[in-house]
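Enquirer: next input, structure requested:
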Amino acid sequence: MAYIQRAIADILKCRVKTSKCTLIVGARQVGKSTLVKHEFSEYNRTNFDDRLTRLQAKEEPKLFFLNNPRPLFIDEVQKEGSVLEEIKQIVDESDERGQFILSGSQKLELMKEVSESLAGRVSVYELAGLSLREIHQIGYSKHFIPTEEYIKARERELKSYDNIWELIHKGSYPELYDVDRDWQEFYSSYVSTYLERDINELISTDSITFTKFLTAVAARTGEMLNYANIASEIGVSEPTVKNWISILERTGIVYLLQPYSASALSRAIKTPKIYFRDTGLACYLTRWLTSDALKNSAVAGNMFETFVVSEILKSYSNEGRDYRFNIFYYRGKDKSASGENEIDLIIEEDGMLYPVEIKMTGNPKASMGATNPVLDKIPDKKRGMGVILCLIDKKTFLRENLIALPIEYI
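Expert: Residues are numbered from 1 along each chain as shown. Alright, predicted model coming up:
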């Protein structure tokens, strides 16, 4: 299979050289072990998916590390978290860098164990599915932000995405781009593997009920999270839905986009929005079996928004940056007009707030940025360039401080 160069590889290689221990987190099948195999071929490798390997690491850790000498890559390390204490002792006894690379597909749960055992000793990076830049072999590596400097730099490596709905429908898992894999068969296998390996130990229900839950969440991608609504649909309690949502989040299946909180926005809604991290998986679960059917469906707008949000998040994580404190959304009644108003994304950086609208249109209007002035209410912040990411064919200014960009600019 052909290896697709990952955007995070260069920054990862630099950080591994300066860190005693490096952790790569991300959902199953996004390419964590393949990345390490190609970029760190000198590392010995072991996988905690194997029960016997886990058993030896737990019961005879000294023997385990004799059999698996450093530099060492441990895949699915969250399956035997007790080994982290042993790793801590090893790295504390030496000033050597790059001793361990770890990976795991249970992000937040794993982070808790890491924070307890390897605090100050580990560098953490997120690997998502393939980005549009990676698929089209674009070398530009900076995160998306609608500044004049970014737009000029990004224009030097623009490529046209003629098949965007095929990509949205296909999803971003590398295996779908490495081999001629049947789409339905891949996602059917993915869901089964996910339920059996990642979920089985974390939930106390049958796989059919949890699959119904997965489908219900996929049908709501791009919407505000309503626990009661989901609970009512699948017939479980609201606390159960909250717990299961947290499992989806920490295993890299969904992302919860938090509302922008500022005291000046007194009438803002405080509920997060939920997005599937991979649109192909969301399409499979909601039974949109072709890109044409998806493009012409009632959910096309939400799926397009989900795709664009995911691409923006990837631009951050592929640069080794944490996006959680930079990207928000706004919905509320702080504007003078009647009814609720929304800004799809607010990107905060260096005291500037950049409003972003995501529209499935080739004919954007200046009125689509009508809510942006609400950000002027926030003290100690300035409003930056507003942007409408859409299906327009070229960069177009709609106002002096509002620009429409094709999604090729992400």
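Enquirer: only C-alpha atoms for contact and neighbour calcs from this point on.
Expert: Fine.
Enquirer: please report how far residue 358 lies from residue 309.
Expert: From residue 358 across to residue 309, the span is 9 Å (C-alpha to C-alpha, to the nearest Å).
Enquirer: who's more crowded, the two?
Expert: Higher neighbour count among residue 358 and residue 309: residue 358, with 25 against 22, using other C-alpha atoms under 10 Å.
Enquirer: show me the contacts for the more buried one.
Expert: 305, 308, 344, 388-390 (C-alpha atoms under 8 Å, 6 or more residues apart in numbering).
Enquirer: same check, this time on residue 380
Expert: Residue 380 makes contacts with residue 351, as judged by C-alpha under 8 Å, 6+ apart.
Enquirer: point out where the stretch 201-350 of the chain drops to low pLDDT.
Expert: Per-residue confidence for the stretch 201-350 of the chain (pLDDT under 70) gives these ranges: 263-268, 334-339.
Enquirer: quick one: the helices in the stretch 1-150 of the chain?
Expert: For the stretch 1-150 of the chain, the helices defined by DSSP state H, counting those that start in this stretch occupy 9-18, 32-39, 51-59, 61-67, 83-92, 107-117, 132-135, 148-155.
Enquirer: and of those, who's closest to residue 293?
Expert: Nearest to residue 293, of all those, is helix 132-135, at 21.7 Å by C-alpha to C-alpha.
Enquirer: okay, that closest one in PDB with CA atoms only?
Expert: Extracted in PDB, the C-alpha atoms of helix 132-135 (Å, rounded to 0.1, in the frame of the first residue of the first chain):
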ATOM      1  CA  LEU A 132      -7.600  17.700   2.200                       C
ATOM      2  CA  ARG A 133      -4.100  19.000   2.200                       C
ATOM      3  CA  GLU A 134      -2.700  15.500   2.800                       C
ATOM      4  CA  ILE A 135      -5.000  13.900   0.200                       C
END
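Enquirer: residues in contact with it?
Expert: So helix 132-135 is in contact with 4-7, 139-140, 311, going by C-alpha under 8 Å, 6+ apart.
Enquirer: ditto for stretch 61-74
Expert: Applying C-alpha under 8 Å, 6+ apart, the external contacts of stretch 61-74 come out as 36, 42-48, 53, 56-57, 83, 86, 98-103.
Enquirer: follow-up on the earlier one: farthest pair in the contacts of residue 358?
Expert: Distances among the contacts of residue 358 were taken as C-alpha to C-alpha; the most separated pair is 344 and 390, at 12.4 Å.
Enquirer: higher neighbour count, the two?
Expert: Between residue 344 and residue 390, residue 390 has the larger neighbour count (other C-alpha under 10 Å), namely 23 against 20.
Enquirer: hmm, the more buried one is touching residue 364, no?
Expert: Yes. Using C-alpha atoms under 8 Å, residue 390 makes contact with residue 364 at a distance of 7.4 Å.
Enquirer: need the overlap of contacts for these two.
Expert: By C-alpha under 8 Å, 6+ apart, the residues touching both residue 390 and residue 364 are residue 404.
Enquirer: which pLDDT value goes with residue 12?
Expert: We have a pLDDT of 96 for residue 12.
Enquirer: can you offset everything so residue one is 31?
Expert: Understood, numbering begins at 31; the last thing we discussed is residue 42.
Enquirer: what about it, distance to residue 53?
Expert: Taking C-alpha to C-alpha, one finds residue 42 at 10 Å from residue 53.
Enquirer: now do the shared contacts for those two.
Expert: residue 155.
Enquirer: what bridges to residue 416?
Expert: Counting by DSSP bridges, residue 416 forms beta bridges with residue 432.
Enquirer: now do the contacts for it.
Expert: Counting by C-alpha under 8 Å, 6+ apart, residue 416 touches 176, 384-386, 399, 402, 431-433.
Enquirer: how much space between it and residue 175?
Expert: Taking C-alpha to C-alpha, one finds residue 416 at 10 Å from residue 175.
Enquirer: for residue 214, which non-adjacent residue is spatially closest?
Expert: Nearest non-adjacent residue to residue 214, counting by C-alpha to C-alpha, 6 or more residues apart in numbering: residue 314, 7.1 Å away.
Enquirer: what does residue 278 give?
Expert: Leaving aside its sequence neighbours, residue 278 sits nearest to residue 284 (C-alpha to C-alpha, 6+ apart; 5.7 Å).
Enquirer: was I right to think the one you found contacts residue 302?
Expert: No. Look at residue 284 against residue 302 with C-alpha under 8 Å: they stay out of range, at 12.0 Å.
Enquirer: between these two, point out the one with more neighbours.
Expert: residue 284 (23 against 19).
Enquirer: OK, contacts around residue 74?
Expert: 98-103.
Enquirer: rerun at 6 Å
Expert: residue 102 (C-alpha atoms under 6 Å, 6 or more residues apart in numbering).
Enquirer: could you tell me the least trusted of the helices of the stretch 31-180 of the chain?
Expert: Minimum mean pLDDT among the helices of the stretch 31-180 of the chain: helix 137-147, a mean of 67.
Enquirer: what residues of stretch 250-263 count as buried?
Expert: For stretch 250-263, burial by neighbour count (16 or more other C-alpha atoms under 10 Å) applies to 250-252, 254-257, 260-261.
Enquirer: how about stretch 199-206?
Expert: Counting neighbours by 16+ other C-alpha under 10 Å, stretch 199-206 gives 199-205 as buried.
Enquirer: in helices, which of those appear?
Expert: Among the buried residues of stretch 199-206, the residues falling in helices (DSSP state H) are 199-200, 205.
Enquirer: quick one: the residue of the chain most remote from its centre from residue 99, how far?
Expert: Ranked by distance from the centre of the chain (C-alpha atoms, centre = their mean), the top residue is residue 93, with 36.6 Å. Here residue 93 is placed at a distance of 10 Å from residue 99 (C-alpha to C-alpha).
Enquirer: could you do residue 245 as well?
Expert: Distance, residue 245 to residue 99, using C-alpha to C-alpha: 43 Å.
Enquirer: out of these two, which sits in the more crowded spot?
Expert: The neighbour comparison of residue 245 against residue 99 (other C-alpha under 10 Å) goes to residue 245, with 19 against 14.
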